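[1] what follows is a predicted protein model with its sequence.
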2 protein chains.
Amino acid sequence: MATSKGRPSLQDIADEVGVTKMTVSRCLRNPATVSEVTREKIAKAIEKIGYIQNRAPAMLSKASSRSIGVLIPSLSNQVFSHFVQGIEAVTNKRGYEVLLSHYGYNEEIEERKIDTLLSYHVDGVILTSTSHSERTLKMLKTAGIPVIEAMELTDNPIDIVVGLDHKAAAYAATQKMIDSGKKRIAYFGARLDNRTKYRMEGYDMAINDAGYQKYHFLTSNHSSFTLGRELLDRAMSEYSDFDGVFCTNDDIAIGVILAAREKGILIPQQLAVIGYNALDIGQAITPSLTSVYTPRYEIGERSAKLLLDRIEGLTIDNQMHNLGFTITQGASS
Amino acid sequence: MATSKGRPSLQDIADEVGVTKMTVSRCLRNPATVSEVTREKIAKAIEKIGYIQNRAPAMLSKASSRSIGVLIPSLSNQVFSHFVQGIEAVTNKRGYEVLLSHYGYNEEIEERKIDTLLSYHVDGVILTSTSHSERTLKMLKTAGIPVIEAMELTDNPIDIVVGLDHKAAAYAATQKMIDSGKKRIAYFGARLDNRTKYRMEGYDMAINDAGYQKYHFLTSNHSSFTLGRELLDRAMSEYSDFDGVFCTNDDIAIGVILAAREKGILIPQQLAVIGYNALDIGQAITPSLTSVYTPRYEIGERSAKLLLDRIEGLTIDNQMHNLGFTITQGASS
DNA sequence: CTGAAAGCGCTAACAC
DNA sequence: GTGTTAGCGCTTTCAG
């Protein structure tokens, strides 16, 4: 009976203890259903043999895998790090595992990664975008598992959406600059993903409402600190009398502040700067950065909670969860 | 025959086409072994039905899962983002999937994550540290799969190690400062993980060899820009006449430069600063940061290559792969 | 509280 | 080029 070759199985533990693998299986999932003596013997045997769970059979039977898939666009952005921490705070507590994938803001890669996650029979998926390829949508539908779209809102959700209104946030940030008396405000954008587009729309609307002129400076390059400098140079060579910049993220905003200081431009007197996401580094520079704080940890938590609730069959009251934003006042505006 | 309830299976496609699932299975894994007519019919059926792969049976049979596990300590550090990109460049090309986990520099979490990865029957694992819990080591041994330890070197490897000599790199960086005439050089360290310790040892050795005095300023907080400022304040209140700082990472170094500039300290004349990792932001500030470039992308590539080679049964010539470092000369030293 | 049997979906090995 | 059979390791169901 003892298999004893290759990776240990429940049978190996059962043999060691002198019961059937069924008893061991029960003991692992619900210790209370096994007598205390047996339970202790099994625990010792598992320790001794070094048993490692095997998820394959559970996946094969229609049983749930107690794991969820999470897709993030980038591995080097604190925003998504906080987001995942929020998710894991919930999954840890409720006994689920997270399978993590990143797709570099690329819909095709997203599609491939989702394919892989589904092949592992995840019980649900959390996505960090609201636009997906046709095949992605079809696969998710075929899989028939709950899906959360997180970070941004949409009128056309797959199912549940948890995020914030980036357009409104950008509107508020731009309006704040307008209120402070700035009249020639530029928008610096990088990497043309959805959220950047929403932010630009918010900026556009605020500028329009004020009756001012729009100035877009965009690049499809990945955002970075040096990009802020480049965009500032470009903007200044085309128009010299800006008095404000709303940047699509903090990295660019920091780059702008650093470059502006070198050029002797006074911030915020000559040029007000507002960023987006309110990352730590904004507090390390002088002047400290005014930014839009996005509650990504909370978005992660809420997303996971709703997903697990739905997986476990609870009914969700509403589909759209807007977790808002706040503007953190720095000295740069 | 038609199952048609729940997720589509190979049988559903087989029924649609009028062959057995065996033919479909062959067609998926090795299209050349199936007639062209059948192949096309199967492709259409898969498209129509929306078949999603199921990895569970393959895992159950002793077949390889064609996936590897990768453990990284942090989700918000460009270093590991580059590292994973290097890995995926190789796995994509060779048809493997990556299962990603992060453990926040915590050995216990690493242990749990490895447990999970093994439960998915990954064919191999890439770790980003060389110190692991007893149980981690036992599990990896029991699983009997190839393991790579990446990023740092060790005398006591599990199997293959790919990385660089952080102590030597730190020694070189410190020596460079000494060569430039600096005599009172401090070390700023955060989060006391292995690599930070190696860097401190390199610093210590260089300072000792020069016959100078060591000055350690450490904190176990997570590294960040604001930390650089705090460490500088602490250092200056205890000793006022530093002329150089070697920082355990670029974030801290940037924080130091920004704070020093505010205090009117001239860099590098009054205070030379050297960082570690040579991230993009070091080029965005003035003065640009001198730093130690670590070839993490290449480490990722090499790690993946060696792991897949070993998985596929090739013999690996040597266990220790030192990929070196270079010092990028900025204006801060 | 514990055991026995069936089956999840796929693939390796062997026919034909 | 395609079909048949057996079995991976666990859980579900039904007995005892």
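    Ah, there it is. These numbers come from a predicted model, not from an experiment. Numbers count the residues shown, from 1 in each chain, chains lettered A, B, ... in the order given.
[2] what about the helices in chain A?
    Counting by DSSP state H, residue ranges of the helices within chain A are A:10-17, A:21-29, A:36-49, A:55-60, A:78-94, A:107-119, A:134-143, A:166-179, A:194-210, A:225-238, A:250-262, A:296-311.
[3] so can I have JSON lines of those showing mean neighbour count?
    To be clear about C-beta, it is placed using only N, CA and C from the backbone, and glycine gets the same treatment. Shown next, in JSON lines, are the helices of chain A (neighbours: other Cβ atoms under 10 Å in any protein chain shown):
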{"stretch": "helix A:10-17", "mean neighbour count": "20"}
{"stretch": "helix A:21-29", "mean neighbour count": "17"}
{"stretch": "helix A:36-49", "mean neighbour count": "15"}
{"stretch": "helix A:55-60", "mean neighbour count": "19"}
{"stretch": "helix A:78-94", "mean neighbour count": "20"}
{"stretch": "helix A:107-119", "mean neighbour count": "19"}
{"stretch": "helix A:134-143", "mean neighbour count": "16"}
{"stretch": "helix A:166-179", "mean neighbour count": "21"}
{"stretch": "helix A:194-210", "mean neighbour count": "20"}
{"stretch": "helix A:225-238", "mean neighbour count": "20"}
{"stretch": "helix A:250-262", "mean neighbour count": "24"}
{"stretch": "helix A:296-311", "mean neighbour count": "23"}
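[4] residues making contact with stretch A:257-273?
    Under the criterion Cβ atoms under 8 Å, 6 or more residues apart in numbering or on different chains, residues A:177, A:180, A:182, A:185, A:225, A:228-229, A:232-233, A:236, A:242-245, A:247, A:253, A:256, A:285, A:287, A:289-290, A:331-333, B:284-286 lie in contact with stretch A:257-273.
[5] do stretch A:142-153 as well
    Contacts of stretch A:142-153 with the rest of the structure, by Cβ under 8 Å, 6+ apart, involve A:83, A:118, A:122-130, A:140, A:157-166, A:194-195, A:198, A:296, A:299-300, A:303, A:306-307, A:310-311, A:320, A:322, B:6-8, B:50, B:52.
[6] what's the first-to-last distance across it?
    Using Cα to Cα, to the nearest Å, the end-to-end distance of stretch A:142-153 comes out at 24 Å.
[7] buried stuff in that stretch?
    Using 16 or more other Cβ atoms under 10 Å in any protein chain shown as the test for burial, stretch A:142-153 gives A:142-143, A:145-153.
[8] average pLDDT across it?
    For stretch A:142-153, mean pLDDT rounds to 95.
[9] hmm, it in reach of DNA strand C?
    No: applying Cβ under 7 Å from any atom of the strand, one finds stretch A:142-153 out of contact with DNA strand C, separated by at least 12.2 Å.
[10] and stretch A:225-237, how far out from the chain middle?
    For stretch A:225-237, the separation from the chain centroid amounts to 28 Å (computed by Cα atoms, centre = their mean, to the nearest Å).
[11] please apply the same query to stretch A:245-261.
    Centroid displacement of stretch A:245-261 relative to its chain, using Cα atoms, centre = their mean, is 23 Å.
[12] if we can go back for a sec, quick check: the two most widely separated of the buried residues of stretch A:142-153?
    Largest separation among the buried residues of stretch A:142-153 by Cβ to Cβ: A:142 and A:153, giving 25.6 Å.
[13] so what's the closest residue to residue A:252 other than its chain neighbours up against?
    Counting by Cβ to Cβ, 6 or more residues apart in numbering or on different chains, residue A:228 is the residue found nearest to residue A:252 once chain neighbours are left out, at 4.1 Å. Residue A:228 is in contact with A:188, A:247, A:251-259, B:284, counting by Cβ under 8 Å, 6+ apart.
[14] swap in 10 Å and give it another go.
    A:188, A:190, A:245, A:247, A:249-260, A:273, A:275, B:284 (Cβ atoms under 10 Å, 6 or more residues apart in numbering or on different chains).
[15] check residue A:229 too.
    Shown here is residue A:229, whose contacts under the criterion Cβ under 10 Å, 6+ apart are A:252, A:254-260, A:262-263, B:283-286.
[16] mind running it again at 7 Å?
    Residue A:229 is in contact with A:255, A:259, B:284, counting by Cβ atoms under 7 Å, 6 or more residues apart in numbering or on different chains.
[17] then residue A:46?
    Contact analysis of residue A:46 by Cβ under 7 Å, 6+ apart lists residue A:13.
[18] burial check on residue A:61, number of neighbours?
    8 (other Cβ atoms under 10 Å in any protein chain shown).
[19] and it, how far is that from DNA strand D?
    For residue A:61, the distance to DNA strand D (Cβ to the nearest atom of the strand, to the nearest Å) stands at 5 Å.
[20] next: residue A:242.
    Counting by Cβ to the nearest atom of the strand, the gap from residue A:242 to DNA strand D is 63 Å.
[21] quick check: bridge partners of the closest residue to residue A:216 other than its chain neighbours?
    Leaving aside its sequence neighbours, residue A:216 sits nearest to residue A:187 (Cβ to Cβ, 6+ apart; 5.3 Å). Counting by DSSP bridges, residue A:187 is bridged to residue A:216, residue A:246.
[22] tell me the spacing between residue A:187 and residue B:329.
    Computed with Cβ to Cβ, to the nearest Å, the distance linking residue A:187 and residue B:329 is 36 Å.
[23] and for residue A:28?
    58 Å.
[24] what does residue A:95 give?
    Going from residue A:95 to residue B:329 by Cβ to Cβ gives 52 Å.
[25] who's more crowded, those two?
    Between residue A:95 and residue B:329, counting by other Cβ under 10 Å, residue B:329 is the more crowded of the two (11 against 8).
[26] so who does the more buried one touch?
    Contacts of residue B:329 by Cβ under 7 Å, 6+ apart are residue B:290.
[27] check whether the worst-scoring helix or strand of chain A on mean pLDDT contacts DNA strand C.
    Here the helix or strand of chain A ranked lowest by mean pLDDT, DSSP states H and E is helix A:55-60, holding a mean of 87. Yes: interface with DNA strand C: helix A:55-60 contributes A:57, A:60 (Cβ under 7 Å from any atom of the strand).
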